[in-house]
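[1] predicted coordinates and the sequence they were generated for:
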Amino acid sequence: MRPASADIIPRMHSRSLFTAFIAAVLLAGCTLFRGPPPPPPGPGGGESQGGTAQPGTAQPGNAQPAAPAPGTAAPNVPAAPTPAPAPAPRQFHLGSATSALVTQAHQQAASGDTAQAAATLERALRIEPDNPLVWIELGRVRLAENNPAQANAMGRKALALATGDPGAQSSAWHLIADALRARGDNGGAAEADRRAASLAPQ
Amino acid sequence: MLYLDHLVVKQFEGRRWTLPAQVYAAPLELYAGLPVTLPELEHELQRLHYRRADRPDHPGTYHLAGERVELALRPARFADETRPAQRLTITAGAKAIESLSDGTGQEVPVLRLEPLLIGSIFPIHGEDRIVLSPDEVPPLLPQALKAVEDRKFDTHHGVDPSAMLRAAWVNMRAGQIEQGGSTLTQQLVRSYFLSSRQTLSRKLREAVMAMALDAHFTKADLMNAYINEIFLAQDGDRAIHGFGLASQFYFGKPLSELELSELSLLVAVVRGPSYYDPRRHPERALARRNLVLKQMAEQGVISTADATAATHRPLGVTARPAGAYYPAYLDFVRRTLRRDYHEQDLTEAGLRIYTSLEPRAQDEAERALEHELARLDRQHKNHKEALEGAVVITSPQSGDVIAIVGGRDVGYDGFDRALDAHRSMGSLVKPFIYLTALESGRYNATTVVQDAPVDVKLANDKHWTPENFTHEVYGPVPVVRALAESLNLATVGVGLDLGLPKVADTLQRFGLPQPPVQVPAMLLGAVEVTPIEAAQLFNGLANGGFRNPLRAVRTVISADGKPLKAFPLEVTQVASPEVMYQLDRMLVLVMDHGTGRSAHALLPPQLVVAGKSGTSSDFRDSWFAGFSGSHLVVVWVGYDDNQPTGFTGSAGALPVWTRIMAGLGTSSWNAPMPESLVEVHIEYPTGLRAVPSCAADIVTVAVPADAAVPARPGCGLPEGASSTSAGLIDRVQQWLRSVVH
């Protein structure tokens, strides 16, 4: 039983597009987003967001702005010209269940039990597998376990999920930088640090 | 005598029952927001044999009050935590859990139900048991055993001469040995030290040894040993010993939760587990149970009123034995562990094994396979053999294998097709060819390739001239269409252009265990894989180009609760997110436009899924592998003797796949598009950029932002321009137009 998040998204038909667009804006305004609410969809409308398919943190409590499902735009959707505008910025956060588990993992790691911490974070990941913040937490534990290869891989995984969230992307690059440094790749680490800095909130 | 005394004491003191490893399913995590309805939640509780009660005072019971479930949780042991019994209140909304709180009203952010015991790893022809400590045994059980089997247990010295004389009298009259007259101690000796042959010398040995035991050990010790030792049922190769496992075997719940009528049945069965088998001989078992109740009342162990009330209760055994009913999954668990453990460790050391099995997904897969194969068989009445199939379900991001079905007879612990059927992967290979093509940088979804006759001269001077399934030739087609419609000639052309070693490398990167034989037929899937191997390959596609070793076992815990081995989550990036996203969007179009499109009739309308059919040569294998945001499902359908089925992947395996996906309550595939890609609308038959006003059949694909995608003439799009050239103003105007009309 997995949280269903984006599958409640309507298929866009031309007649309903405008209503859906308004709904998306309203929804975005009243979601549990921390930080600034996402700006309204660009001129491409709901359609242009189709590709970026806002994945939620899979926690149903953390509503995400409605976005059309990828690959289902045509043929009824009026073709806006490409390209899609830059994806709406968003900010991942942890749902309450995941947040409790991450706190527990921090305590376990602080008392030196990294294996338990990792097991607890795996529970969190099963609840929110698409949340890059949980992958970064697990990567940090791998680093503490002196496993920079897995720390790096989890940083990459987080990075792939964090598209559109500069804060999460920056954290993922920091993790990758630390992992590369632990492997003795100082050049790669410096480059990753540079990427992290360029994405960090000003 | 002295020797026997020594032997008995020595062995009994050092007694260590061989404890088969107990295997547990994944626990259900409860938290506010979990999309589960009240009836589904109740179903999960009943799966764990929680009982509805007016007041949930005892662990293992629950009470429904409107939207609220008041739950008395049993004590539970997890891999990382032991939790005492506790109260929990669950408030359910229409579609999801709204809140959880404990006995004091405090909010609980997340909590696991106890894991379901799904079986044990017992030695071949061996004993299976769960060992209980005295405090886990309800006090009524020893009293009942004494009342029925050995009234003088507390006072005799291991043997009961009066009972033996009585038995001897009966046996003499009958001319054969009919009655034992054995004390509990003698029964224990017989089960523990001796064969069960009924000879006089053996009876003598038994009596001497029983007296020795009695002299050296307390009655409480002997009673506890008896409760854990005695044989209570035979389940195929598995001998069920001890009341702890027997309770699970017959009632699916712990001994401490048994009602009087249920406990009496177990005591009744002691006398002859086969003769009084409550599943096979319910009348005999019922009569003996009622006799037991009567004797207990006579001995003052229970009141006559309670005995009478219990006499009117049904037997209450579950329809089928709990545990050991996921043989294909247990098979995978066993094989995983054999790499690290000796058989003896698994069958004797009392390990607890925590797995990723999700009973709900497993049940869904079993039902879907059985249902659809029966339907397909009816279409093929002339074939003498029944169709077979296999299913593997994973959670792509974690690599957890959550269900395995090894054949349509799911209770049969035999040929496990999910792990052992090596079959041609057929067109399941195509996504890996197009992935290789995207990686080369020379192809994208809109690239036009030639679906044209192929003639390859092989090393043996023979010619390889494959055909499309339709025996037609389609000419120039965009990549997205070649994949969606599984066009053989176009795919072979692309594969030959890339080179076989490149394609072979991609397959190995995604987890193909052996290097494939590099012949051109490899491009049409002349590569043998088992369903679990196909799942490993596709898991990487479902997980955005990250490979994780599929795992069934999460943790192994020793008998004394120490973690012995964990199989931690591991990921390895084997393809870039950019390439993966482009490919996965094309696999979504397989479902919307191509060989997977019949699935949408059964799936929730907004559910986004991606997948690929596979049909091997001569229709011998029908495959479908596809994924949502949270599940990968791989289905194989075929005949065991490798005869042609006449089904394509879409006709045979897809209906099974669809039924499973529809039943899983899964979430949409929803990966974020990497920033370096753009979406482009193209005319499906030609791959040209187009808008609905000028073309009928338009699909959306993702391509690199700098990819040049020619426009369809007459669409008012700048011809031959790159996909990024449309300006902001144009886009606003077009969007407004589209909203207005």
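    Received, thanks.
[2] now the element after the lengthiest helix in chain B, going C-ward?
    Scanning chain B for the longest helix, with DSSP state H as the assignment, gives helix B:359-379. In the C-terminal direction, the helix or strand that comes right after helix B:359-379 (DSSP states H and E) is strand B:388-395.
[3] not counting the helix or strand that that next one is followed by itself, show me its contacts.
    Using DSSP H and E, the helix or strand that directly follows strand B:388-395 along the chain is strand B:400-405. Strand B:400-405 is contacted by residues A:126, B:26, B:326, B:328-329, B:331-332, B:356-358, B:361-362, B:364-366, B:369, B:389-395, B:418-419, B:532, B:535, B:550-552, B:554, B:631 when judged by C-beta atoms under 8 Å, 6 or more residues apart in numbering or on different chains. For every residue, glycine as well, the C-beta is placed using N, CA and C.
[4] now strand B:400-405: mean pLDDT?
    Strand B:400-405 shows a mean pLDDT of 97 in the predicted model.
[5] tilt between that strand and strand B:388-395?
    Here strand B:400-405 runs at 160 degrees with respect to strand B:388-395, directions being taken by axes from the mean of the first three to the mean of the last three C-alpha atoms, to 10 degrees.
[6] how much space between B:T18 and B:I121?
    B:T18 sits 11 Å away from B:I121, taking C-beta to C-beta, to the nearest Å as the criterion.
[7] looking at the two, which one has more neighbours?
    B:I121 (24 against 16; other C-beta atoms under 10 Å in any protein chain shown).
[8] pretty sure the more buried one contacts B:F332?
    No. Here B:I121 does not reach B:F332: they are 12.0 Å apart, not a contact under C-beta atoms under 8 Å.
[9] pLDDT below threshold where in chain A?
    Within chain A, the stretches falling below the threshold (pLDDT under 70) are A:1-88, A:200-202.
[10] from B:S261, how far out is B:P273?
    With the distance defined as C-beta to C-beta, B:P273 ends up 18 Å from B:S261.
[11] who's more crowded, those two?
    Using other C-beta under 10 Å, the more surrounded residue of B:P273 and B:S261 is B:S261, with 22 against 17.
[12] now do the host helix or strand of that one: which elements does it pack against?
    When secondary structure is defined using DSSP H and E, the element that contains B:S261 is helix B:260-269. The elements that helix B:260-269 packs onto, with contact taken as 3 or more C-beta pairs under 8 Å, 6 or more residues apart in numbering or on different chains; DSSP states H and E, are helix B:140-149, strand B:231-235, helix B:242-251, helix B:282-298, helix B:304-311.
[13] quick one: closest of these to chain A.
    Ranking the helices and strands packed on helix B:260-269 by their distance to chain A (criterion: C-beta to the nearest C-beta) puts helix B:242-251 first, at 24.3 Å.
[14] name the helices or strands packed onto that closest one?
    Using 3+ C-beta pairs under 8 Å, 6+ apart as the contact definition, the elements that helix B:242-251 packs against are strand B:127-129, helix B:219-229, strand B:231-235, helix B:260-269.
[15] now the ones you listed in CSV, with mean pLDDT?
    CSV is the format used below for the helices and strands packed on helix B:242-251 (pLDDT from 0 to 100):
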stretch, mean pLDDT
strand B:127-129, 79
helix B:219-229, 88
strand B:231-235, 89
helix B:260-269, 95
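[16] tally up the residues packed near residue 110, please.
    Just so you know, I chose chain A. Neighbouring residues of A:A110 were enumerated by other C-beta under 10 Å; the total is 9.
[17] oops, I was thinking of chain B
    Other residues lying near B:V110 total 21 when counted by other C-beta under 10 Å.
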